[in-house]
Each structure stands twice: as structure tokens, then as C-alpha cells.
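Undergrad: From the sequence below, what's the structure:
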Amino acid sequence: MRSLFIRISRFGGDRSGTVAAIFGLSFVPMVMFTGLAVDYGRANTLSAQLQAAVDQAAISGAQLAGDVAAATAVNMVKGAMEKTGLTFDTTASTDPSTKILTVSSTVDMPMKILSMWVPSWTLTRTSKALPGSATITNGTPGINDDSCIFTMGETLTISTNTMTFNGSPSVNLTGCSLRSNKSMKCNGSSTGADSYAVGDIVGCSNPHPGQQAMTDIYTGIASNITLKCGTRQEGVWWNANWSGSLPTGENVKSVSRSGYTEIHICGNLVLSGSSSNWLTGASPSTDTVVVVENGGIVIASGSNVQASRMTFVLASSGGSYNYPIVYWPNGNGGNASSWSVTASTEPTNPWKGMVIYQNPSLNSTADMSWNSGATFSFDGIVYFPNAQLTVSGQVYSGPTGCSKLVVGEFTLNGAVNLKQSSVGCASMQVTQFFQPGTTQVTTAGAVLVQ
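TA: As a prediction, this is how the structure comes out:
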């Protein structure tokens, strides 16, 4: 017992190993304080860089106007902080009443030493700047297009003549011009109209080469196309002598629309017969939209077809019975045929102003030749963005006097007599191309505000 007591007394007074125990207990707090110092220093450095970036972006952006100011500021912050390798969420907006531009940027900075406890540290820095007095920098003015014939040639080179007048064609344009997004050439007729082209103009009157390319404003209308026929492609005959009666049968699908009538034709639509009345009645009071699926439009030889307040939509192709988009089977010296159309005009109708609309996604069976026996009259817009159209017959404006032909490529061997007037185009709900200018509003100086 005495020996045991002595050993217990010695153990109570033994101090060996205390340093290791104390170090073990203090190691974790030491790592945390060291990590805090290191990561806090990194955060302070990053914060100072970010604040300088948003300050400079706010000052520079405030000297610009509108959406340009915000976009410029955001891009400046991105450029200034790109070397950090971090992702910054930057926003910028201008208060319309005070004109103050506010730039704010947020980043999640990953922790290095403290990552076990705190994965990242969120930093947000904001700056505001007030612009000085406004000034205007001169640039290119906007362009209002008034062309009756416009060629796009989307996939072609600028030097390609997408508009060509051959031999001695009859060209009569009133209140409108010619415009090509590529080049144009007149062989035998100078047309007498103002001619505009991105590329060269050879032989045409009043030439204006070197123009800006016009952006297609009609392509988005294709979003209103719905398909109802599936693979059906037997087609439909529509005789003008049925005046007032829509075609029926398995190859006709009706769609309920507010403010206008819509039918879908499954396969080729053949327009035949001869009548002085409109297809949908003597005096149509509403619009009719005819969507042709899995085929094209055929104008039967010797026919005389008239349509008012109508739009023909060429929606899709497919099958063995397809013709080109619009086909006149009569050849030179054959039985002449005519087709007259005025566009839909109901303001709530998405197809208003359109006479014929080719789905821009259609690139096959899109080329057409209208021979000498073909006569086409229209008021509104005919839109064939991917078609090569050769006219040896006649194309002229209808009674309203507002016609716009938009094609991929156009060649005239026959006659065109087209017109435009502000009153006529307004009644037809025709929207023209417009190319915005580059005139820019800037401001002289800017200051940071609290």
C-alpha cells in the first residue's frame, strides 16, 4: 500500500508531455486564425480591385446613353476582373429620372485555408455615377426602305447579281425603288427607278451602290405557322366558280382563330376556274389564311382566280406530288392564266399585310419560272426569301397600289408595273424594312455619387 501511494503521488506531480497536449489543443484555433488572416487579406485585395473596377465602369458608362451605358459598364468590369479567374455577376442600369448609372458586381471568393469551415466568401461592390452634359456624335442615318422589289440572296456573295433585268423588259415603278442585299444588273432596260445595292449596280438607273444590308424583318412571322396535316399530301382543287365556298374533305383541316378564318391544305393547292368574284365571296368582310402543307400552289391553265383579304402560307414540303412554290403549268403560247390577290388586313391577324408567305426554313423546290402566259396581280407583300424567281409574264399592283416583292433572286424577262403609296400601304398593313443608323448620344464627363 505504501508503494502504491508513492507511485500515485509521483504521477500527480509528473509534468512530462504537457507541451504536446497543449499544442494539440491549440492547433485548430491556430490554423483558423492563420487562415482568417490569409483569406481576409485576399478578400481585402479583391475587394479593392472590384471597387476600382465598378467605379471606373460607372464613370465611363455614365458618359454614354441608354442601353449602351449599361452594356459598356458590365463589359468593363468583366475585362478588369478577368485575370482573377473568378466569375462575377455584374449588373448595370440607369435611373430614367435622375440619369444616375448604378453598377453592382458580386463574386463568391473560394477560401483557401478556411475552406474546411467556410467554402467561399461573398463580396459585393457598388458604384454610382452621374453624367455630365449631353453631346451628339455624328454617325450613319437610318434607312427607310421603299422598294417594290427586294432581293436577299442570303447565302450568296456580295458580287452576285441577285436582281437581273434581261433583254428589253417593261419596268414601270411608281413611288418605289429597287433594292438588293447583294448586286444587281440591268441588261437592256435601266428601269428608270432608284436602285440600291450592297454591292455593284451595272446598267441600272439612279444607282446607289455600297449600301448597308437590310435585316429581314419578316422571318419571325414564321413562328405563327402550325402544322395539322401530318404526312397527308393528296392535295385539293379549289374552283373559282365555287365563289364563297371553302374547299372541304379529308385534305382540308380547319383551325379556330379569333378574327379570321384559317384552313390547312394537305398537299398541292390547285386554283382553277374563272370568275369575276373573289374566292371567298363577292365582298369578303374578314380575312382568310390558307396554309399549304406538303406541297405548293398550282394555277391551272386558262384559269382566272381572284382572292381578297387572303394570305397563302407555304408551310412545308414533302412527298412526290410537289411543285415549285407557285406553279403556272401553261408555257409560252399556252392558255394564259391569271391570279389576283389582296392581303389580309385585320390588325389582330399575325399574317396581316402578307399575300404569299414562304416558310424561311424551306430551301428545296423553291425556284420558279412564270412564263409569258402568267399574269399575277397583288397588293401587299409576297415573300419568297429562298426562291429564284424568273418572270417572263406580267406582275403588277392591284387596285390599292401597294406591292412589295421579296425574293432570294429575281430575273425579269417580261413586265412589272408596281406601285407604292403611304395611304395604300397603310390600308394594306404593310411594314417596310428599316435599317437603324449609327448616330450616338454621349455625355461630356461623369462623376461618382454616394
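Undergrad: State the number of residues packed around the closest residue to P347 other than its chain neighbours.
TA: Excluding the flanking residues, the one nearest P347 by C-beta to C-beta, 6 or more residues apart in numbering is Q429, at 6.8 Å. Where C-beta positions appear, they are placed from N, C-alpha and C, glycine not excepted. When neighbours are counted by other C-beta atoms under 10 Å, Q429 registers 19.
Undergrad: and Q429, what helix or strand is that in?
TA: Assigned by DSSP states H and E, Q429 falls within no helix or strand.
Undergrad: Can you identify the element that follows the one helix or strand T390 maps to toward the C-terminus?
TA: Element membership for T390, per DSSP H and E: strand 374-391. Using DSSP H and E, the next helix or strand after strand 374-391 towards the C-terminus is strand 394-397.
Undergrad: Output that following strand in CSV with nothing but the alpha carbons.
TA: The C-alpha trace of strand 394-397 is given here as CSV (Å, rounded to 0.1, in the frame of the first residue of the first chain):
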residue,chain,number,x,y,z
GLN,A,394,-46.7,40.1,-116.1
VAL,A,395,-46.6,41.2,-112.5
TYR,A,396,-48.5,44.3,-111.4
SER,A,397,-50.1,46.1,-108.5
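Undergrad: which helices and strands sit right next to the helix or strand following it?
TA: Using DSSP H and E, the next helix or strand after strand 394-397 towards the C-terminus is strand 403-412. Contact here means 3 or more C-beta pairs under 8 Å, 6 or more residues apart in numbering; DSSP states H and E; on that basis strand 403-412 packs against strand 147-151, strand 161-165, strand 374-391, strand 394-397, strand 415-419.
Undergrad: I'd like to know the average pLDDT value across the second one.
TA: Averaging the model's pLDDT scores along strand 161-165 yields 95.
Undergrad: same question, stretch 358-376
TA: So the average pLDDT for stretch 358-376 ends up being 84.
Undergrad: How about it, which residues are buried there?
TA: 358-360, 362, 365-366, 368-376 (16 or more other C-beta atoms under 10 Å).
Undergrad: With stretch 59-77 instead?
TA: Those would be 59-65, 69-70, 72-74, 76-77, for stretch 59-77 by 16+ other C-beta under 10 Å.
Undergrad: By pLDDT, give me the weakest of the residues you listed.
TA: A65 (68).
Undergrad: How many neighbouring residues does S245 have?
TA: 12.
Undergrad: Quick check: the gap between it and V252.
TA: Distance of S245 to V252, given as C-beta to C-beta, to the nearest Å: 12 Å.
Undergrad: Also D200?
TA: 48 Å.
Undergrad: repeat for S422
TA: Counting by C-beta to C-beta - S422 and V252 are separated by 38 Å.
Undergrad: So the two - more neighbours on which side?
TA: Neighbour comparison, S422 and V252: the larger count goes to V252, with 18 against 10 (by other C-beta under 10 Å).
Undergrad: Let me see the contact set for that one.
TA: V236, L246, I263, H264, I265, C266 (C-beta atoms under 8 Å, 6 or more residues apart in numbering).
Undergrad: Please parse this structure into its domains.
TA: 30-138, 216-432 (automatic domain parsing).
Undergrad: any idea which of these is most buried?
TA: Mean neighbour count (mean count of other C-beta atoms under 10 Å) peaks for domain 216-432 among the domains of the chain, with a mean of 19.
Undergrad: Quick check: end-to-end length of it?
TA: One end of domain 216-432 sits 10 Å from the other (C-alpha to C-alpha, to the nearest Å).
Undergrad: got it, and stretch 184-200?
TA: For stretch 184-200, the separation between the terminal residues is 7 Å (C-alpha to C-alpha).
Undergrad: Likewise for stretch 390-403?
TA: Using C-alpha to C-alpha, the distance between the terminal residues of stretch 390-403 is 18 Å.
Undergrad: Outside of it itself, list whatever touches it.
TA: 148, 174-175, 328, 332, 340-342, 368-380, 382, 405, 410-421, 424-425, 427-428, 430.
Undergrad: picking up where we left off before, show me which pair in the contacts of V252 is furthest apart.
TA: L246 and C266 (14.3 Å; C-beta to C-beta).
Undergrad: before we move on, the earlier item: quick one: least confident of the contacts of V252?
TA: Ranking the contacts of V252 by pLDDT puts L246 at the bottom, with 90.
Undergrad: my guess is that residue is in a strand, correct?
TA: No: in this structure, L246 is coil, not part of a strand, as judged by DSSP: H, G, I helix; E, B strand; the rest coil.
Undergrad: out of the domains of the chain, nearest to L448?
TA: Nearest of these (C-beta to C-beta): domain 30-138, 5.4 Å.
Undergrad: chain center to that closest one: distance?
TA: 33 Å (C-alpha atoms, centre = their mean, to the nearest Å).
Undergrad: N413: what's it in contact with?
TA: N413 touches N166, G167, P169, T390, V391, S392, counting by C-beta under 8 Å, 6+ apart.
Undergrad: Quick check, the first one in contact with N187.
TA: Yes: shown here, N166 and N187 form a contact pair, counting by C-beta atoms under 8 Å, at 5.2 Å.
Undergrad: looking at the domains of the chain, which has the lowest confidence?
TA: domain 30-138 (a mean of 80).
Undergrad: what pLDDT does the nearest residue to T215 once chain neighbours are set aside get?
TA: Distance criterion C-beta to C-beta, 6+ apart; nearest residue to T215, sequence neighbours excluded, is Q435 at 6.9 Å. You'll see Q435 listed with a pLDDT of 76.
Undergrad: Can you get me a residue count around Q435?
TA: Using other C-beta under 10 Å, Q435 has 15 other residues around it.
Undergrad: Any figure for the gap between it and A213?
TA: Taken as C-beta to C-beta, the span from Q435 to A213 is 8 Å.
Undergrad: do V171 as well
TA: Distance from V171 to A213, by C-beta to C-beta: 24 Å.
Undergrad: who's more crowded, those two?
TA: Neighbours per residue (other C-beta under 10 Å) separate V171 from A213, with V171 holding more: 22 against 15.
Undergrad: secondary structure element for that one?
TA: Assigned by DSSP H and E, V171 falls in strand 170-174.
Undergrad: Helix or strand next in line after that strand, which one?
TA: strand 177-180.
Undergrad: Quick check: next helix or strand after that next one?
TA: Next helix or strand after strand 177-180 toward the C-terminus (DSSP H and E): strand 183-186.
Undergrad: Quick one: mean pLDDT for that following strand?
TA: 95.
Undergrad: That one: partners in the sheet, and parallel or antiparallel?
TA: Neighbouring strands of strand 183-186 in its sheet, by DSSP bridges, are strand 161-165 (parallel), strand 201-202 (parallel).
Undergrad: what's downstream of the last one, the next helix or strand?
TA: As assigned by DSSP H and E, the chain's next helix or strand after strand 201-202 is strand 207-208.
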